[in-house]
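Visitor: kindly generate the corresponding structure for this input.
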Amino acid sequence: MTEQSKYVRFDWAIKRILRDKANSEVLEGLITVLIGEAVEITDILESEGNQDSHEDKYNRVDVKAKTASGEIIIVEVQLTKEIDFFQRILFGTSKSIVEQVSLGQNYGVINKVYSINILYFDFGEGDDYAYHGTTTFTGMTKKDSVLRFTTKDEERYIDTTTIRRVTPPEKVMPEYFLLIVNKFNAVAKTPIEEWMQYLKDAAIREDTTTPGLQAAREKLAYMSMSPDERRAYEDYMVSVHAFRDAWETSIYDAKAEGRAEGLAEGLAEGMEKGLAEGMEKGKDEANRENARRMKADGMPAEMIAKYTGLTTEAVNSL
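Guide: Now for the predicted structure:
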């Protein structure tokens, strides 16, 4: 890839560029490819993860948007593994649902929420790189039966007190998308494959017609950034790789130390104890190394302690 055809990676773009409504065409394209219908973003909303801060180079990033039809779209990038990942995306979706209803309002004001999660690490044991999940109601006695509402049903089930149609489940229940970037190794031929190629390699075909990627070629070109922006982008990428390397090294060292102690203590019991202790030591050293980097970047000791699990005194002593 030449410098002229180099594009900034999506996780950087969503932090610095795609939160601007003027650049929403890129996000609209990704959402369109995933849900199968054209989407127009009308607002970029505030959410707990879309604020710039010292620790954002190590943390997840996300954008929360609202479409012309009132639907809420959460697009989140996760750079490192998180044990309670599913609980967190459930919390984000649930919070977005609750925020739509004011005290005393009818629940009919609730609009659908789409949760799009882009994962830059190996996740799960499936063979695919893109997954889609919805909330459905299946029969308990007839397992192949799925509860659906037809157009006629919608017209029949009318709330006469509000003169409002009852919304079918599939039109209001949240939907989840998981895009596992590291698992994509195909030659990009379809729109979803082209998007996965960009997410993984920051590569976009010159002749692409895939929604969003045409706009990305114009708005996310590396050489179109100012020198200061390019330096900030390169610094971000170095930080991301350094953080990931430190994490992976700590896991490797922990496993190695755990195996050594386990063999010394003997078979299953020794392996279990040694691995646990080794993992804990490796994790502590990784936290200290990450704390040193964060401290060098000027992050406050209290915030470093929050994200590494170290005490403030330990951070100050580094």
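Visitor: since we're on the spatially closest residue to residue 8 that is not a sequence neighbour, how many residues are nearby?
Guide: Of all residues not flanking residue 8 in the chain, residue 220 sits nearest, at 5.1 Å (CB to CB, 6 or more residues apart in numbering). Every residue, glycine included, has its C-beta placed from N, CA and C. When neighbours are counted by other CB atoms under 10 Å, residue 220 registers 24.
Visitor: ok, residue 220 - contacts?
Guide: The contact partners of residue 220, by CB atoms under 8 Å, 6 or more residues apart in numbering, come to 7-8, 13, 17, 26.
Visitor: what residues of stretch 305-318 count as buried?
Guide: Across stretch 305-318, burial judged by 16 or more other CB atoms under 10 Å covers 305, 307-308, 310, 314-315.
Visitor: and stretch 178-196, what's buried?
Guide: Those would be 178-181, 183-184, 188, 191-196, for stretch 178-196 by 16+ other CB under 10 Å.
Visitor: narrow these to those in strands?
Guide: Under the assignment DSSP state E, the buried residues of stretch 178-196 contribute 178-180 to strands.
Visitor: ok, of the contacts of residue 220, which come out buried?
Guide: Among these, those buried by neighbour count (16+ other CB under 10 Å) are 7-8, 13, 17, 26.
Visitor: which of the residues you listed scores worst on pLDDT?
Guide: Ranked by pLDDT, the buried ones among the contacts of residue 220 bottom out at residue 17 (83).
Visitor: could you list the domains of this protein?
Guide: Per automatic domain parsing, the structural domains of the chain span 3-135+173-223, 227-317.
Visitor: same list, those domains, but as a markdown table with distance to residue 143 please.
Guide: Output for the domains of the chain, formatted as a markdown table (distance: least, CB to CB, whole Å):
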| stretch | distance to residue 143 |
| --- | --- |
| domain 3-135+173-223 | 17 |
| domain 227-317 | 39 |
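Visitor: returning to that earlier point: format the buried residues of stretch 305-318 as CSV; extra columns: secondary structure and pLDDT.
Guide: Converted to CSV, the buried residues of stretch 305-318 look like this (DSSP: H, G, I helix; E, B strand; the rest coil; pLDDT from 0 to 100):
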residue, secondary structure, pLDDT
305, helix, 81
307, helix, 71
308, helix, 78
310, coil, 83
314, helix, 84
315, helix, 81
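Visitor: what's the closest of those residues to residue 229?
Guide: Of all the buried residues of stretch 305-318, residue 229 sits closest to residue 307, with 25.7 Å by CB to CB.
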